[in-house]
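Novice: What would the 3D arrangement of this be:
(2 chains)
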Number of protein chains: 2
Amino acid sequence: MSAPDGRSGAGRGELTRPRPVARPLAVAIAGLGTVGAGVAKLLRDNAELIAARAGRPIAVTAVSSRDRTRDRGVPVAGLRWYEDAVAIAADPAIDVVVETIGGSEGPARALVEAAIAAGKPVVTANKALLAVHGAALAEQAEARGVTLAFEAAVAGGIPAIKALREGLAANRISRVAGILNGTCNYILTTMRERGLQFAEVLADAQRLGYAEADPAFDIDGVDAAHKLAILAALAFGRPVDLGAVHIEGIREVSALDIELAEELGYRIKLLGIAKREESGISTRVHPCMVPKAAAIGRVEGVFNAVVAEGDFVGRVMLEGRGAGAGPTASAVVADLIDLARGRLTPVWGAATDALSHAPSLPMEKHVGAYYLRLMVLDRPGVIADVTGVLRDHAISLESMLQRGRAPGEAVPIVLTTHDCVEGRMREALARIEALPTVVEKPALIRIEGL
Amino acid sequence: MSAPDGRSGAGRGELTRPRPVARPLAVAIAGLGTVGAGVAKLLRDNAELIAARAGRPIAVTAVSSRDRTRDRGVPVAGLRWYEDAVAIAADPAIDVVVETIGGSEGPARALVEAAIAAGKPVVTANKALLAVHGAALAEQAEARGVTLAFEAAVAGGIPAIKALREGLAANRISRVAGILNGTCNYILTTMRERGLQFAEVLADAQRLGYAEADPAFDIDGVDAAHKLAILAALAFGRPVDLGAVHIEGIREVSALDIELAEELGYRIKLLGIAKREESGISTRVHPCMVPKAAAIGRVEGVFNAVVAEGDFVGRVMLEGRGAGAGPTASAVVADLIDLARGRLTPVWGAATDALSHAPSLPMEKHVGAYYLRLMVLDRPGVIADVTGVLRDHAISLESMLQRGRAPGEAVPIVLTTHDCVEGRMREALARIEALPTVVEKPALIRIEGL
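Specialist: Next comes the predicted model:
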């Protein structure tokens, strides 16, 4: 296989000539959708290089999918075919199960539980499964002494799980935050660049395949919440707690607020943020105003980013593609290489009995600055009414901006506040919304220093 | 240690209650400078959290340093003290040697070789050692079956080694590039922000402690070249080859070129770039013009960044602090945690006999675009002379900019080219420099699409 000059075949300068004396790692892929087919393709295309880095070949020997006839761009001839994914767990010739079926329940969950029970390591791209059942699955995996790996579940090709759980493992993490949903970031970026409203851009994104036909999972922040719950568990070394995540999506972000944010020096991003506070851990997903100059403010389009802050390392940011067949397959196969090399890590970074039980904090306790945009009738006394309410709730203003004049008609006014408690802001907001001169539902967007 | 409510001590929500039945991993730190003392401090401050993530406590039990009396901000009482670092290798009570002495020769090299020979794993922050002797050290480590880990050697706290060697391991990497020297990036950023010349900013940086009294190692690009050689070896799976790296520093970058770069939409950065070409691997460190809008163009001040491009993952960027006690210690201790967990990886990502022997390409073969700034006498025919030379060498222009008019005096003209071969550009440059109307050494800066 080596050319006479000692270079690798075809002069591609590949990692070559692995010592494939070792038996291949036999992989079953359950679910041959975009991700599953991508994994098969990657394992085929880069087989030599992967064998060199893994220390042994990694071979797909079985697959599971309902439709046997569909062309997936990868050869499936010669592979054992399972109609019932769960049956893979009982196949003694399979070393590792790759689960790319998706969904927190149904066959995905059943397969992962069966594989763990059978003592087979599992690699999954399934954030919903990890976010919903991750605490129990970690205990099952630990009890059976098998690995449950999920690099692909968060931020696609960005090695964020590995960075947080291994690369920054020596640090006490104070905050982890990220742009965790490419669809939302694409929509917000396009709204700003083209001055369009949410609904228009969503429709375009659906046409282009950047958003699902049913986009709720993405645009309502659920997908980002799954990923944030996973990141928070890793960062703070505690079992995953999806129920504690405060979730708001981007449906209510308006072109006007994006424009006003620019004027104020901010970009609007859907962020997931997990933060260590005095009394526990806060986790939240919602649109944020971040300074335009902040690194995360400049992550645009379908790109994802994860920022972690550690006591020794300071701030580290990772940026890359958060979805798609290639990036996701890259992450799945990285997990397979770790398995082949015997590089093992507990699911949440530490053994179950070494995990923390720091409580989750409710959103009402959140302390931060706010952007508040009102549509008010342009009449004397309006500002006095609004600022009077804020004063009553001890909320202090940082700036105020009134846009245009149209006596008797609705005009926007924008207020930004200093840090205050969310609960107090909500009370003030209810009173402001009830003022007769306030003519639309106010827009409230949290300002995040990052 | 647990509070009655099941929370960890002091309510800090730490990873706590590891099962420290396992014997601590006994670490010797050789060299108690900034980095060595930082490692000792981190292992002390975050001991519980590190034990949870490592699965066992990690304890410093021996140190080596010449000056026993200096206060390093960490307690050294009770530790075994070695005057001669190399003697650590023979201490049977030591599990791992942390080498933070520095330098490619002398006691650092002697210790690392002795430790490997004695079958002890080594964790080092020593980029010079790895860049110069990494190929031989990897063979020694492999022969003895011990780990040689060096996350701290490149980009400080950014887990770049881990990302490239494990996180992106499934990818055929086409290019890896980075801002690898914080001193240079600080100087270039400050020159731009304050409109100052190199020498002024260097003097300031030396006063502030951002640059060494003898800054040559940083500003001449040698430090960045060490790191690039290591990244290239990992990215392309071949033994490290420092000798092949083309190296230019930032001494000749002028305030004028930084200003003109801004006008053209670029930032000047000292980059290390390793690229897979048809016929081999090119590695080079030199000032580059990168688009202002590119992610790496916005990495400012002392921050470092590493960008990798893989065939499946696409482009991934990591950004963070590349130097300093905290970030460097974070990386060293991450390696120790990997060791404690048994997560092992060959030095260059694959066994020696599975490495590639793709040849290194000389800089003369580089193909790229160029920025060329000349100071010429403002006389008729000058532009015709210059562009005539470029035409003779088949170099085609992308843009030309003439700044100001001062008949009979020196004025700058700026040319940018389409892609051409470096060797041809150098020949043209020699002829242009010899033109009687060209009154200073021309400034040539490569333009890099990133």
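
Novice: Helices along the stretch 1-150 of chain A, start to end?
Specialist: For the stretch 1-150 of chain A, the helices defined by DSSP state H, counting those that start in this stretch occupy A:34-45, A:47-54, A:106-117, A:127-144.

Novice: Which one, of these, ends up nearest to chain B?
Specialist: helix A:47-54 (4.0 Å; C-beta to the nearest C-beta). Heads up, the C-betas are built off the backbone N, CA and C, glycines and all.

Novice: Counting by contacts, list what the closest one packs against.
Specialist: The helices and strands touching helix A:47-54, judged by 3 or more C-beta pairs under 8 Å, 6 or more residues apart in numbering or on different chains; DSSP states H and E, are strand A:58-64, helix A:325-341.

Novice: Could you check the angle the first one makes with helix A:325-341?
Specialist: In other words, strand A:58-64. With axes from the mean of the first three to the mean of the last three C-alpha atoms, to 10 degrees as the basis, strand A:58-64 and helix A:325-341 are set at 120 degrees to each other.

Novice: Parallel or antiparallel, list what pairs with strand A:58-64.
Specialist: strand A:25-30 (parallel), strand A:80-82 (parallel) (DSSP bridges).

Novice: Please identify the deepest-packed of those strands.
Specialist: Mean neighbours per residue, mean count of other C-beta atoms under 10 Å in any protein chain shown, is largest over the strands paired with strand A:58-64 for strand A:25-30, with a mean of 25.

Novice: Switch the strands paired with strand A:58-64 over to JSON lines, and while doing so, append mean pLDDT to every line.
Specialist: Converted to JSON lines, the strands paired with strand A:58-64 look like this (pLDDT from 0 to 100):
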{"stretch": "strand A:25-30", "mean pLDDT": "98"}
{"stretch": "strand A:80-82", "mean pLDDT": "94"}
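
Novice: In TSV, list these along with distance to B:G326.
Specialist: Shown next, in TSV, are those (distance: least, C-beta to C-beta, whole Å):
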stretch	distance to B:G326
strand A:25-30	38
strand A:80-82	50
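
Novice: for the ones you listed, which one sits closest to B:S64?
Specialist: Shortest distance between B:S64 and the strands paired with strand A:58-64, using C-beta to C-beta, is found for strand A:25-30: 41.6 Å.

Novice: For A:A295, which residues are in contact?
Specialist: By C-beta atoms under 8 Å, 6 or more residues apart in numbering or on different chains, the contact set of A:A295 is A:A305, A:V307, A:M317, A:L450, B:R298, B:E319.

Novice: Go again with 6 Å.
Specialist: Neighbour list for A:A295: A:M317 [criterion: C-beta atoms under 6 Å, 6 or more residues apart in numbering or on different chains].

Novice: got it, and A:A331?
Specialist: A:A331 touches A:E151, A:A152, A:G157, counting by C-beta under 6 Å, 6+ apart.

Novice: The first one touches A:D335, doesn't it?
Specialist: Yes: here A:E151 lies in contact with A:D335, judged by C-beta atoms under 6 Å, at a distance of 5.0 Å.

Novice: And the helices and strands packed on helix A:47-54: which comes nearest B:G408?
Specialist: When the helices and strands packed on helix A:47-54 are compared by C-beta to C-beta, helix A:325-341 sits nearest B:G408, at 58.9 Å.

Novice: Pick the most buried one from the helices of the stretch 1-150 of chain A.
Specialist: Most buried of those by mean neighbour count (mean count of other C-beta under 10 Å) is helix A:47-54; its value is a mean of 25.

Novice: could I have that one exported to PDB, CA atoms only?
Specialist: What follows is helix A:47-54, C-alpha atoms only, in PDB (Å, rounded to 0.1, in the frame of the first residue of the first chain):
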ATOM      1  CA  ALA A  47     -11.900   4.400   6.900                       C
ATOM      2  CA  GLU A  48      -8.100   4.300   6.800                       C
ATOM      3  CA  LEU A  49      -7.600   7.500   8.700                       C
ATOM      4  CA  ILE A  50     -10.200   6.500  11.300                       C
ATOM      5  CA  ALA A  51      -8.500   3.100  11.700                       C
ATOM      6  CA  ALA A  52      -5.100   4.800  12.300                       C
ATOM      7  CA  ARG A  53      -6.600   7.200  14.900                       C
ATOM      8  CA  ALA A  54      -8.800   4.600  16.500                       C
END
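
Novice: what angle separates it from helix A:34-45?
Specialist: Interaxial angle of helix A:47-54 relative to helix A:34-45 (the same axes, to 10 degrees): 90 degrees.

Novice: what pLDDT, on average, does helix A:47-54 get?
Specialist: In this model, helix A:47-54 has a mean pLDDT of 97.

Novice: do the same with stretch A:65-75
Specialist: 78.

Novice: now do the same end-to-end measure for that stretch.
Specialist: End-to-end distance for stretch A:65-75, by C-alpha to C-alpha, to the nearest Å: 14 Å.

Novice: Report the buried residues of that stretch.
Specialist: By neighbour count on 16 or more other C-beta atoms under 10 Å in any protein chain shown, the buried set for stretch A:65-75 is A:S65, A:R72, A:V74.

Novice: So for the first one, what's the nearest residue that isn't a sequence neighbour?
Specialist: Read that as A:S65. The shortest distance from A:S65 to any non-neighbouring residue, by C-beta to C-beta, 6 or more residues apart in numbering or on different chains, is to A:L32 (4.1 Å).

Novice: Roughly how far does that neighbour sit from A:L130?
Specialist: 21 Å (C-beta to C-beta, to the nearest Å).

Novice: which bits of the stretch 101-250 of chain A sit near chain B?
Specialist: For the stretch 101-250 of chain A, the residues in contact with chain B (C-beta under 6 Å from any C-beta of the partner chain) are A:G157, A:I158, A:P159, A:K162, A:A163, A:G167, A:A169, A:A170, A:N171, A:R172, A:G237.

Novice: so where does the first one fall, helix or strand?
Specialist: Counting by DSSP states H and E, no helix or strand carries A:G157.

Novice: number of nearby residues for it?
Specialist: By other C-beta atoms under 10 Å in any protein chain shown, 30 other residues sit near A:G157.

Novice: For the nearest residue to it once chain neighbours are set aside, give me its contacts.
Specialist: Using C-beta to C-beta, 6+ apart and skipping the chain neighbours, the partner closest in space to A:G157 is A:P327 (2.9 Å). Applying C-beta under 6 Å, 6+ apart to A:P327 gives the contacts A:G156, A:G157, A:R321, B:V313.

Novice: residues in contact with the first one?
Specialist: With contact taken as C-beta under 6 Å, 6+ apart, A:G156 is in contact with A:R321, A:G322, A:A323, A:P327, A:T328.

Novice: Isn't the third one up against A:N181?
Specialist: No: proximity of A:A323 to A:N181 does not meet the contact threshold set by C-beta under 6 Å, at 8.6 Å.

Novice: Of the two, give the one with the bigger neighbour count.
Specialist: A count of neighbours by other C-beta under 10 Å puts A:N181 above the other of A:A323 and A:N181, at 31 against 21.

Novice: The more buried one contacts A:D218, doesn't it?
Specialist: Yes: between A:N181 and A:D218 a contact is recorded at 5.5 Å, counting by C-beta under 6 Å.
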